[in-house]
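Enquirer: whatever this is, show me its structure:
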Amino acid sequence: MNNSNDTRSQMKISRRALRKSLLVALSGLALLSGQAPLAAKEAGRPANAQSQRPRNIIFVLVDDLRYDGMGFLQPRIRTPHIDRMAREGTYYPNAMVTSALCSPSRATILTGMTARNHGVVDNNHSTEAGLTFFPSYLQKAGYQTAFFGKWHMGDDTDAPRPGFDKWVSFRGQGAYFPTTGIPDAAKAAGAVNKLNVDGRAVPQKGYITDELTDYAVSWLENERDSRKPFFLYLSHKAVHSDPLPPPRYAHQYDNVTFPLPASAANTLENYKGKPRWVYDQRNTWHGIDFFYNSDMPMGEYLRYYYSTLSGVDDSLGRLFAYLKKHKLEKDTLVVFTSDNGYQIGEHGLIDKRNAYEASVKVPLLVWEPGTVPAGAVNKGQIRNLDFAPTFLDAAGIPPPPQFEGKSALGLWDGKVAEASWEPQDFVYEYYWEYNFPMTPGTFAIRRGDLKYIQYYGVYDTDELYDLAKDPDEMHNLVGDPAYLDAKIELRNALYAQLANRDGKHVIPYGKRQSIGSVRRNRTGTGAAPFPDEWLVGPDMPDRFDDILPDSPAKQKAHDAGRPLNPSIPLREDIKKNARGK
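Expert: Now for the predicted structure:
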């Protein structure tokens with residue numbers, strides 16, 4: 001709902017209604033989920049242990065998981081198998097996505113290209129025409145490839161895509177349980193949600209996280225050619241809203257209180273220097289005060305969110321059990337990450353889409369005993385744009401010319417030291433969606449510790465943060481003279497890098513089909529005032545200066561208390577020119 005713009009899934013929910021839907025789904029559908037997959041039998045022919053490269057690759061993608069939403073970072077959260085990856089592998093705290101939105105991010109992962117070039121710019125009317133997904137290159141090199149889970153890209157079809165030998169998916173967001181989202185009358189008539197299994201419509205039988213893992217493990221055990229290396233892409237629906245945990249974890253966090261960030265509070269200090277749109281969004285579908293137009297507190301929502309993650313953690317444990325059983329642990333690269341981050345109140349915002357850290361940062365864990373350093377924390381910056389070239393590099397395949405990212409394999413296997421890693425600039429792009437008009441078109445660039453953010457088509461300020469000094473992005477330095485040169489440099493670099501493959505700067509937009517989510521809580525917060533420094537009298541002598549490009553000369557003039565381009569009152573100027581003087 002918050003990640004998808006599929007209007008069919010956008011319910012207007014109250015706290016009572018959402019809580020009721022969660023509890024009903026958990027209790028009423030428990031029988032449909034069957035036995036917990038942890039108790040499932042692991043039968044089938046054994047796979048031969050692979051002692052030589054190219055190695056196997058398992059890529060696990062979750063939906064909407066916060067960068068810090070794991071047990072080894074938050075002791076309130078119980079994720080033993082994810083924590084195992086951190087203990088036996090490497091954690092990357094500076095992993096980011098170039099578009100914090102489901103479809104564009106997934107397209108970037110699969111194509112190795114940015115949204116401005118692959119063309120999947122929103123969740124509405126994107127197309128996959130002309131795109132090549134990186135598993136196709138693995139397939140041609142002899143890999144067995146399989147996709148299980150949420151595709152959510154292109155024409156909202158669940159049909160098998162090129163590059164995969166095995167395919168299990170569903171339309172759009174999918175559903176946590178077989179009858180989730182089905183009207184009561186249709187449910188009574190026996191209707192259930194469907195999966196697409198190798199081109200065939202198959203009824204969903206149980207809880208989606210478990211069922212996808214069942215398919216994945218069955219493929220590993222019984223269907224793949226064990227003489228070939230494999231690439232397994234397990235793309236979970238969890239923990240996307242509305243998060244429904246498996247019945248076994250329904251009450252896991254009933255007595256746990258999850259804290260919210262300090263910047264969630266509605267204070268003058270928290271909004272000092274922030275763009276107006278940030279405050280205006282507070283009382284919207286994606287604001288902490290009225291999120292999803294409900295009155296459920298975020299702290300309560302997080303109990304469902306993290307108990308839903310426990311199903312994913314179980315899934316990861318089953319994959320590890322398979323690798324151990326078949327002695328493939330040292331021959332398989334396992335990567336765990338998310339399609340985007342998730343805000344839980346940072347700056348009064350929830351969800352993602354914007355360029356703030358909690359939106360663009362994602363968890364990233366890499367595991368391969370004997371190859372990937374164990375128990376390490378590597379601060380090297382990695383983007384979702386870098387996954388495709390890294391996976392091909394791991395398989396010994398050169399990258400195709402359309403790839404825009406950089407292989408991080410040397411960083412992952414420890415052959416390149418963190419201090420020697422030279423990442424490309426992190427450039428961010430988000431194109432305005434009519435469905436959720438509260439977030440403006442956003443472009444950003446991070447170079448070193450500095451992040452510059454600008455907005456498209458909105459009457460507002462831009463932003464500049466020194467993340468080394470201000471990791472929570474509370475102090476906007478865009479007007480600080482000490483950062484003038486850096487601001488100008490980053491503005492120029494951002495514009496240059498936002499050009500598409502044809503060298504053009506194009507703002508794509510989709511067809512409007514509704515007014516979008518414009519509702520606000522009648523008794524909630526109002527609109528933000530304009531900044532005081534913007535409020536002036538008529539005919540100021542520097543009235544042209546804000547239009548002129550920022551420069552050291554302009555700053556020097558303002559420091560001296562004079563305009564760069566002095567002007568006279570408009571009436572006087574017109575009369576003077578009318579007389580030809």
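Enquirer: for the protein, which spans come out with low pLDDT?
Expert: For the chain, the stretches with pLDDT under 70 are 1-53, 581.
Enquirer: secondary structure class for the residue nearest the centre of it?
Expert: Averaging the C-alpha coordinates of the chain gives a centre point, and the residue nearest to it by Cα atoms, centre = their mean is N340 (1.1 Å). Of the three states, N340 takes coil under DSSP: H, G, I helix; E, B strand; the rest coil.
Enquirer: quick one, what contacts it?
Expert: Applying Cβ atoms under 8 Å, 6 or more residues apart in numbering, we find N340 in contact with N3, D64, V97, S99, A100, L101, C102, S105, K352, S359, V360, V362. Where you see a C-beta, it was placed from the backbone N, CA and C, and this is true even at glycine.
Enquirer: now it: how far from Q424?
Expert: Distance check for N340 against Q424: by Cβ to Cβ, to the nearest Å, it reads 19 Å.
Enquirer: I350 now?
Expert: I350 sits 30 Å away from Q424, going by Cβ to Cβ.
Enquirer: quick one, which of these two is more surrounded?
Expert: The neighbour comparison of I350 against Q424 (other Cβ atoms under 10 Å) goes to I350, with 27 against 14.
Enquirer: secondary structure class for that one?
Expert: Three-state assignment for I350 (three-state DSSP): strand.
Enquirer: so it touches Q343, yeah?
Expert: Yes. Using Cβ atoms under 8 Å, I350 makes contact with Q343 at a distance of 5.3 Å.
Enquirer: spatially nearest residue to A191 (excluding sequence neighbours)?
Expert: I182 (5.3 Å; Cβ to Cβ, 6 or more residues apart in numbering).
Enquirer: wait, P398
Expert: Excluding its sequence neighbours, the residue lying closest to P398 (Cβ to Cβ, 6+ apart) is L392, at 7.2 Å.
Enquirer: which is the next helix or strand following whichever helix or strand that neighbour is part of?
Expert: Assigned by DSSP states H and E, L392 belongs to helix 387-394. For helix 387-394, the succeeding helix or strand toward the C-terminus, using DSSP H and E, is helix 409-412.
Enquirer: who's in contact with whichever helix or strand comes after that following helix?
Expert: Scanning forward in sequence from helix 409-412, with DSSP H and E defining helices and strands, the next element found is strand 426-430. Here strand 426-430 makes contact (Cβ under 8 Å, 6+ apart) with 96, 98-101, 104, 114-116, 353-355, 360, 381, 383, 439, 441-447, 453, 494, 497-498.
Enquirer: so of the residues you listed, which ones are in strands?
Expert: When those are checked against strands using DSSP state E, the ones located there are M96, R383, G441, T442, F443, A444, I445, R446, R447, I453.
Enquirer: burial count for the closest residue to the fourth one other than its chain neighbours?
Expert: Same thing as T442. Nearest non-adjacent residue to T442, counting by Cβ to Cβ, 6+ apart: Y430, 4.3 Å away. By the other Cβ under 10 Å criterion, the neighbourhood of Y430 contains 27 residues.
Enquirer: report the contact partners of I77.
Expert: I77 makes contact with G69, M70, G71, Y306, L309 under the criterion Cβ under 8 Å, 6+ apart.
Enquirer: just the buried members of the residues you listed?
Expert: Using 16 or more other Cβ atoms under 10 Å as the burial test, the contacts of I77 include G69, M70, G71, Y306, L309 as buried.
Enquirer: redo those residues as a markdown table? Include secondary structure.
Expert: As requested, those are arranged in a markdown table below (three-state DSSP):
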| residue | secondary structure |
| --- | --- |
| G69 | coil |
| M70 | coil |
| G71 | coil |
| Y306 | helix |
| L309 | helix |
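Enquirer: wait, V478 touches D460, no?
Expert: No. Because the distance of 11.1 Å does not satisfy Cβ under 8 Å, V478 is recorded as not touching D460.
Enquirer: any idea how far the closest residue to G414 other than its chain neighbours lies from D460?
Expert: Of all residues not flanking G414 in the chain, P373 sits nearest, at 4.6 Å (Cβ to Cβ, 6+ apart). In this view, P373 and D460 are 43 Å apart by Cβ to Cβ.
Enquirer: more neighbours: the two, which one.
Expert: Neighbour count, other Cβ under 10 Å: between P373 and D460, D460 has more, with 18 against 15.
Enquirer: I am finished for the moment; much appreciated.
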